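>>> pasting the structure only:
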């Protein structure tokens, strides 16, 4: 049945280009082409096959290259209904494989073939062309759904892992598919489209925000903020040879060792199963998480220099034109706690705060090193420095620590570290407004009545830290937090420490050399000595931790 449907769909012929550019491919369809495309879509949905045998078969038949892509190229402006059917089928075929299947490796190989065909036929350019008209009227539900499906396809393609590098020159390009996709997205101004969409989010399409952040994460996830700000990263400079290093634990495809000593790729997509919905239309926002396991690109590959140059320009655009809007919408969605939000959306939120606030900090830090501290600016990331963001992230850190979600705890603390480093720079800036803001945050964050303040929690974590449970990167993050706390506490000169009143409902700031009060009773004198001993012990613990 499948062979019959594909055969009857049509075929590619070569016709003369009217502009005299030689022959070009043309898809010779028929009256039943749309029906056949819909039939293949229905067959996949009806089978609901965990092994996804139909997808693997279509990949082996080069279905994208021989049918779907030529349909898009030929009928982009001529048959809207056929194009929409092709986009729906493409969306389903690029969904992540099911982790419960016994042929995960074959499913990943099929997806990699689909990803490779995106580069061969320059389909990114066609998809951007198709976005043109719908973007003019996002109030229309049909346009909204169409844009969502194209964004979903791009997200799925970005989430497909590249094959590991091989010694074969014929397949060398396969290990660079992600770089080629990012270059194509940049070439066809997709990054500018993302910025426009960030500004277009409203009540009707608020659920777009997590999808956009999924895509942003998948574009940047291989690199750290410092990587993009390396002086060697400049457009036009040849790619450098990069020494592979350990990547952070952010999820994706990972490799395990089998009983016979071989390797097996694991694609963990526990939240990506498709529910049974209408075979006529996909839901407007059918989303899957961008992480499918413990490690993404476990071989440690980072972006080459020329790709990091592209990403740096894109990061500058996001910070200057879209970060505050996007992170505010994500925060609003998470606070509402809607059922549509996935666990990975929380991870993406932590990552975005860590990455872009950190990127802004390291970019601005060059001015600090040059003595231009007065030029330090946080306006582009100011939304992530609002007090509700601090409170939300810290509450989630404590919740995840209680549930032993160590990866989420680490991501939360990385976000917190970026925020605190920025506040320290604000405290050092020297102007009255920055000092006032920094003082307010310092008082609120570190001198709260709650016993589980940032300082207490971080010190408690260091006492519990074990190599088998927590990563060294997590330990390094806590040392950065403690260092930021010390700098914040001493921002106004003089070593400031916390004094917790026993039996009282407040915490005061007391200078180390504060003179003892006069005419105090015996009980107050005893209490004062106990507090001094406790302060001394806290100071020693903090120094040991640092």
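Structure received. Nothing here was measured: the structure is a model prediction, and the numbers come from that model. Numbers count the residues shown, from 1 in each chain.

>>> List the contacts of residue 115.
Taking Cβ atoms under 8 Å, 6 or more residues apart in numbering, we find residue 115 in contact with 157, 160, 177, 181. For the C-beta atoms, the positions are set from N, CA and C on the backbone; glycine is no exception.

>>> Buried subset of those, written for PyMOL?
Only the buried entries of the contacts of residue 115 go into this PyMOL selection, using 16 or more other Cβ atoms under 10 Å:
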select buried, resi 157+160+177+181
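
>>> Output the contacting helices and strands for the helix or strand containing residue 12.
Applying DSSP states H and E as the criterion places residue 12 in strand 11-16. Using 3 or more Cβ pairs under 8 Å, 6 or more residues apart in numbering; DSSP states H and E, the elements in contact with strand 11-16 are strand 23-28.

>>> Compute the distance from the centre of the strand it packs on to the centre of its chain.
Mean-position distance between strand 23-28 and its chain equals 39 Å (Cα atoms, centre = their mean, to the nearest Å).

>>> what angle sits between that strand and strand 11-16?
140 degrees (axes from the mean of the first three to the mean of the last three Cα atoms, to 10 degrees).

>>> Quick one: mean pLDDT for strand 23-28?
Across strand 23-28, pLDDT averages out at 81.

>>> So which elements touch that strand?
Partner elements for strand 23-28 (3+ Cβ pairs under 8 Å, 6+ apart): strand 11-16, helix 69-75.

>>> Can I get these in a markdown table including mean pLDDT and mean neighbour count?
Formatted as a markdown table, the helices and strands packed on strand 23-28 follow (pLDDT from 0 to 100; neighbours: other Cβ atoms under 10 Å):
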| stretch | mean pLDDT | mean neighbour count |
| --- | --- | --- |
| strand 11-16 | 84 | 12 |
| helix 69-75 | 89 | 22 |
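
>>> Just send these back as a markdown table, with distance to residue 62 too.
Below are those laid out as a markdown table (distance: least, Cβ to Cβ, whole Å):
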| stretch | distance to residue 62 |
| --- | --- |
| strand 11-16 | 11 |
| helix 69-75 | 10 |
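
>>> Count the neighbours of residue 422 for me.
Counted with other Cβ atoms under 10 Å, the neighbours of residue 422 add up to 24.

>>> Make 16 the first number, not 1, from now on.
Happy to do that; since the first residue is 16 now, the last one works out to residue 437.

>>> ok, now which ones touch it?
Counting by Cβ under 8 Å, 6+ apart, residue 437 has contacts 372, 375-376, 393, 396, 400.

>>> Could you find the closest non-adjacent residue to it?
Spatial nearest neighbour of residue 437, excluding adjacent residues (Cβ to Cβ, 6 or more residues apart in numbering): residue 376 at 5.0 Å.

>>> repeat for residue 244
In space, residue 244 is closest to residue 377, 5.3 Å off (Cβ to Cβ, 6+ apart).

>>> and residue 18, how far is that from residue 56?
16 Å (Cβ to Cβ, to the nearest Å).

>>> isn't residue 96 right up against residue 48?
No. Residue 96 is beyond contact range of residue 48, at 10.5 Å (criterion: Cβ atoms under 8 Å).

>>> The two: which has the busier surroundings?
More neighbours surround residue 48 than the other of residue 96 and residue 48, with 21 against 11 (other Cβ under 10 Å).

>>> Contact partners for that one?
24-25, 86, 97.

>>> and those, which are buried?
For those, buried by 16+ other Cβ under 10 Å: 24-25, 86, 97.

>>> If we only consider those, which is nearest to residue 104?
residue 86 (9.6 Å; Cβ to Cβ).

>>> quick one: the strands in this structure?
26-31, 38-43, 269-272, 278-281, 511-515, 522-526 (DSSP state E).

>>> quick one: average pLDDT of the last one?
Strand 522-526 carries an average pLDDT of 41.

>>> Also the fifth one?
What strand 511-515 shows for mean pLDDT is 43.

>>> Find the nearest non-adjacent residue to the residue positioned nearest the centre of the chain, please.
Nearest residue to the geometric centre of the chain (Cα atoms, centre = their mean): residue 232, 2.4 Å. Among residues not flanking residue 232 along the chain, residue 363 sits closest, at 5.1 Å (Cβ to Cβ, 6+ apart).

>>> from memory that neighbour sits against residue 345, does it?
Yes. Counting by Cβ under 8 Å, residue 363 touches residue 345, with 7.5 Å between them.

>>> okay, those two: which has more neighbours?
Set residue 363 next to residue 345 and count neighbours by other Cβ under 10 Å: residue 363 wins out with 27 against 23.

>>> give me every residue that touches that one.
Here residue 363 is in contact with 225, 228-229, 232, 305, 345 (criterion: Cβ under 8 Å, 6+ apart).

>>> Which members of the residues you listed are the farthest-apart pair?
Between any two of those (Cβ to Cβ), the greatest distance is 13.8 Å, for 305 and 345.

>>> one step back: out of the buried ones among the contacts of residue 48, which comes closest to residue 121?
Nearest member of the buried ones among the contacts of residue 48 to residue 121, counting by Cβ to Cβ, is residue 24, at 24.0 Å.

>>> Could you pull up the contacting residues of the closest one?
44, 47-48, 51-52, 55, 82.

>>> Just give the closest residue to it, not the sequence neighbours.
Per Cβ to Cβ, 6+ apart, closest to residue 24 is residue 51, 4.2 Å.

>>> Count the residues that sit near that neighbour.
For residue 51, using other Cβ under 10 Å, the count is 20.

>>> cool, residue 433 as well?
28.

>>> what about it, distance to residue 89?
Residue 433 is 48 Å from residue 89, by Cβ to Cβ.

>>> Kindly report the same for residue 472.
With Cβ to Cβ as the criterion, residue 472 and residue 89 are 60 Å apart.

>>> Please apply the same query to residue 503.
Residue 503 is 62 Å from residue 89, by Cβ to Cβ.

>>> Helix or strand with the lowest mean pLDDT in the chain?
Within the chain, no helix or strand scores below strand 269-272, which has a mean of 38 by mean pLDDT, DSSP states H and E.

>>> related to what we said a few turns ago, and the pLDDT for the residue nearest to residue 244?
85.

>>> I'd guessed residue 413 sits against residue 472; true?
Yes. Look at residue 413 against residue 472 with Cβ under 8 Å: they come within range, at 6.9 Å.

>>> more crowded one of those two?
residue 472 (19 against 13).

>>> what's near enough to touch that one?
Residue 472 neighbours (Cβ under 8 Å, 6+ apart): 409, 412-413.

>>> Also residue 149?
Here residue 149 is in contact with 155, 158-159, 161-162 (Cβ under 8 Å, 6+ apart).

>>> Please determine how far it is located from residue 40.
25 Å.

>>> likewise residue 28?
7 Å.

>>> still on that earlier bit, run through who's touching the strand holding residue 27.
37-43, 81, 85.

>>> Parallel or antiparallel, which strands does it pair with?
strand 38-43 (antiparallel) (DSSP bridges).

>>> JSON lines please, covering the contacts of residue 149 and showing neighbour count and distance to residue 65.
Shown next, in JSON lines, are the contacts of residue 149 (neighbours: other Cβ atoms under 10 Å; distance: Cβ to Cβ, whole Å):
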{"residue": "155", "neighbour count": "11", "distance to residue 65": "36"}
{"residue": "158", "neighbour count": "16", "distance to residue 65": "34"}
{"residue": "159", "neighbour count": "18", "distance to residue 65": "31"}
{"residue": "161", "neighbour count": "22", "distance to residue 65": "29"}
{"residue": "162", "neighbour count": "20", "distance to residue 65": "30"}
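
>>> Closest to residue 73 out of these?
Nearest to residue 73 among those, with distances taken as Cβ to Cβ, is residue 161, at 22.5 Å.

>>> can you pull the contacts of the residue nearest to residue 431 when sequence neighbours are not counted?
Closest residue in space to residue 431, ignoring its immediate chain neighbours: residue 408 at 5.8 Å, by Cβ to Cβ, 6+ apart. Going by Cβ under 8 Å, 6+ apart, residue 408 touches 365, 368, 427, 430-431, 434.

>>> what about residue 18 and residue 56, which has more around it?
residue 56 (21 against 9).

>>> Fine by me, we can end here.
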